[in-house]
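Visitor: sequence and predicted structure below; questions after.
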Amino acid sequence: MLRSYFRDSSSYLSVIICWFLIGISVLVFLNAFFGRNGIFSLFQDQGKLQKLKNEVVKLESTNEKLKSEIFSLKNNFKVVEKIARENLGLVKSGDTVFEFLSSEKYKVMKE
């Protein structure tokens, strides 16, 4: 009886259109929240962007320190001399070098 009512009138078509529009609305809503470019994805991307901005700030700071070190190495001979003495063990002519032996080396030399 109900089917015959819908078939006989134009309301059957309006019910189909109504359900179709509800289905489309649900799909659009779900896509807006859970889709690839949805709201949740937007929040995740904002978190990633903030992390990358923090990393850029750290790298810029490190870059400035390295530029300063390069400048001092190019323009200040005393810095180069200090590095040569401390890290490479180089000495100037006329300097007296004292070498302290560890206890193991001392035992080997005694024998």
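Guide: Ah, there it is.
Visitor: run through the protein and note the low-pLDDT ranges.
Guide: 1-9, 105-111 (pLDDT under 70).
Visitor: mind listing the helices in it by residue range?
Guide: 2-8, 11-34, 39-75, 77-88, 103-110 (DSSP state H).
Visitor: could those be laid out in JSON lines, adding mean neighbour count?
Guide: (C-beta placed from N, C-alpha, C; glycine too.) Output for those, formatted as JSON lines (neighbours: other CB atoms under 10 Å):
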{"stretch": "helix 2-8", "mean neighbour count": "9"}
{"stretch": "helix 11-34", "mean neighbour count": "11"}
{"stretch": "helix 39-75", "mean neighbour count": "10"}
{"stretch": "helix 77-88", "mean neighbour count": "11"}
{"stretch": "helix 103-110", "mean neighbour count": "9"}
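Visitor: any chance of the ones you listed in JSON lines, plus distance to Val97?
Guide: Output for the helices of the chain, formatted as JSON lines (distance: least, CB to CB, whole Å):
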{"stretch": "helix 2-8", "distance to Val97": "106"}
{"stretch": "helix 11-34", "distance to Val97": "72"}
{"stretch": "helix 39-75", "distance to Val97": "25"}
{"stretch": "helix 77-88", "distance to Val97": "11"}
{"stretch": "helix 103-110", "distance to Val97": "16"}
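Visitor: wait, which of those is closest to Thr96?
Guide: If you check each of those against Thr96 by CB to CB, helix 77-88 wins as the nearest, at 13.3 Å.
Visitor: tell me the angle of that closest one relative to helix 39-75?
Guide: Angle between the axes of helix 77-88 and helix 39-75 is 100 degrees (criterion: axes from the mean of the first three to the mean of the last three CA atoms, to 10 degrees).
Visitor: pull the residues that contact helix 77-88.
Guide: For helix 77-88, the external contacting residues (CB atoms under 8 Å, 6 or more residues apart in numbering) are 72-73, 90-91.
Visitor: ok, 10 Å please
Guide: Here helix 77-88 makes contact (CB atoms under 10 Å, 6 or more residues apart in numbering) with 69, 71-74, 76, 90-92, 95.
Visitor: repeat for stretch 24-44
Guide: Asp45.
Visitor: how long is that stretch from one end to the other?
Guide: End-to-end distance of stretch 24-44 (CA to CA, to the nearest Å): 26 Å.
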